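Engineer: Fold the following.
(one chain, ligands or ions: 1)
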Amino acid sequence: MPTLLVHPLVVRITHWLNVLAVLMMITSGWQIYNASPLFGFFFPDSVTLGGWLAGGIMWHFAAMWLLVVNGVVYVTYGMVSGHFRRKLLPLTPRAVLHDIGEALRGRLAHENLAVYNAAQRAAYLALILCLALLVASGLAIWKPVQLHPLALLFGDYEGARYVHFFAMSAVAFIVLVHVVMVVLVPRTFPSMFTGRVHEKA
Ligand code: HEM
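Structural biologist: Take a look at the predicted model:
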């Protein structure tokens with residue numbers, strides 16, 4: 001049976017490297033958070049990376065390079081090749097609300113794997129924007145003096161910490177929903193490795 005390319009190689013490689021980077025960033029970030037919590041709770045040691053504060057910071061900075069270099073490759077490819085325009089646009093609030101409603105009723109068909117529905121488009125765009133916000137607020141926390149104008153965009157150093165935390169929470173939530181959707185529509189999973197689906201899939 002003939003197959004159709006639905007995920008270009010660049011998208012597949014950057015997607016899986018990004019999964020690794022985000023996993024390391026979030027779990028090492030929780031380790032760093034535990035040293036100076038913003039709220040009245042800690043993350044359990046079992047879900048943190050690094051063992052202690054300095055270990056968490058080292059993992060966070062190492063994974064940051066992977067996240068940023070990989071992200072630049074993905075976003076540049078997405079914009080230059082027309083991938084974003086073709087797969088993530090157009091997007092209207094009406095279509096997003098409609099498709100989220102259908103998904104909650106269990107009625108959202110994902111028959112054509114070459115086309116993302118509006119809920120997927122919104123989720124992927126939100127993930128890309130939240131990751132960019134995480135990098136910007138992270139830079140402001142890292143160098144609040146040298147990058148003072150950037151920190152001011154978030155109010156101040158403390159403001160940047162809150163923005164960093166809430167953007168992380170948004171990424172964690174959307175990724176959780178994303179993975180649940182993959183489990184519910186398992187046909188999508190192998191295509192993110194092979195890039196291909198059968199023409200009628
Ligand atoms: C184990 C975790 C994950 C699994 C199993 C997974 C799986 C998938 C699959 C199967 C698709 C294609 C969906 C389709 O064809 O309908 C996809 C697309 C996508 N995923 Fe994930 N994903 C995971 C984690 C993540 C994470 C952590 C992020 C970002 C923070 C992410 C962001 C995206 C984006 C942006 C796309 C669209 C890619 C494009 O076409 O440009 N995923 N994922």
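
Engineer: what are the ranges of the helices in the chain?
Structural biologist: With DSSP state H as the criterion, the chain has helices at 9-35, 53-80, 83-88, 93-104, 118-142, 148-153, 157-184, 188-194.

Engineer: Next, format the ones you listed as JSON lines and append distance to residue 44, mean neighbour count and mean pLDDT.
Structural biologist: For glycine as for every other residue, the C-beta is placed from the backbone atoms N, C-alpha and C. Below are the helices of the chain laid out as JSON lines (distance: least, Cβ to Cβ, whole Å; neighbours: other Cβ atoms under 10 Å; pLDDT from 0 to 100):
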{"stretch": "helix 9-35", "distance to residue 44": "9", "mean neighbour count": "18", "mean pLDDT": "98"}
{"stretch": "helix 53-80", "distance to residue 44": "14", "mean neighbour count": "16", "mean pLDDT": "98"}
{"stretch": "helix 83-88", "distance to residue 44": "35", "mean neighbour count": "15", "mean pLDDT": "98"}
{"stretch": "helix 93-104", "distance to residue 44": "30", "mean neighbour count": "14", "mean pLDDT": "95"}
{"stretch": "helix 118-142", "distance to residue 44": "22", "mean neighbour count": "19", "mean pLDDT": "98"}
{"stretch": "helix 148-153", "distance to residue 44": "30", "mean neighbour count": "14", "mean pLDDT": "96"}
{"stretch": "helix 157-184", "distance to residue 44": "15", "mean neighbour count": "15", "mean pLDDT": "97"}
{"stretch": "helix 188-194", "distance to residue 44": "28", "mean neighbour count": "14", "mean pLDDT": "97"}
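
Engineer: Distance to residue 110 added to those, as CSV?
Structural biologist: Formatted as CSV, the helices of the chain follow (distance: least, Cβ to Cβ, whole Å):
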stretch, distance to residue 110
helix 9-35, 17
helix 53-80, 21
helix 83-88, 14
helix 93-104, 9
helix 118-142, 8
helix 148-153, 38
helix 157-184, 8
helix 188-194, 7
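
Engineer: contacting residues for residue 4?
Structural biologist: 114, 196, 197, 198, 199 (Cβ atoms under 8 Å, 6 or more residues apart in numbering).

Engineer: What is the neighbour count of the last one?
Structural biologist: Think residue 199. Residue 199 is flanked by 10 other residues according to other Cβ atoms under 10 Å.

Engineer: hmm, back to that, got the helices of the chain as TSV, with distance to the ligand columns?
Structural biologist: Shown next, in TSV, are those (distance: least, Cβ to the nearest ligand atom, whole Å):
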stretch	distance to the ligand
helix 9-35	4
helix 53-80	6
helix 83-88	5
helix 93-104	12
helix 118-142	4
helix 148-153	22
helix 157-184	4
helix 188-194	4
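
Engineer: Could you pick out the buried ones from the contacts of residue 4?
Structural biologist: Buried by 16 or more other Cβ atoms under 10 Å: 196, 197, out of those.
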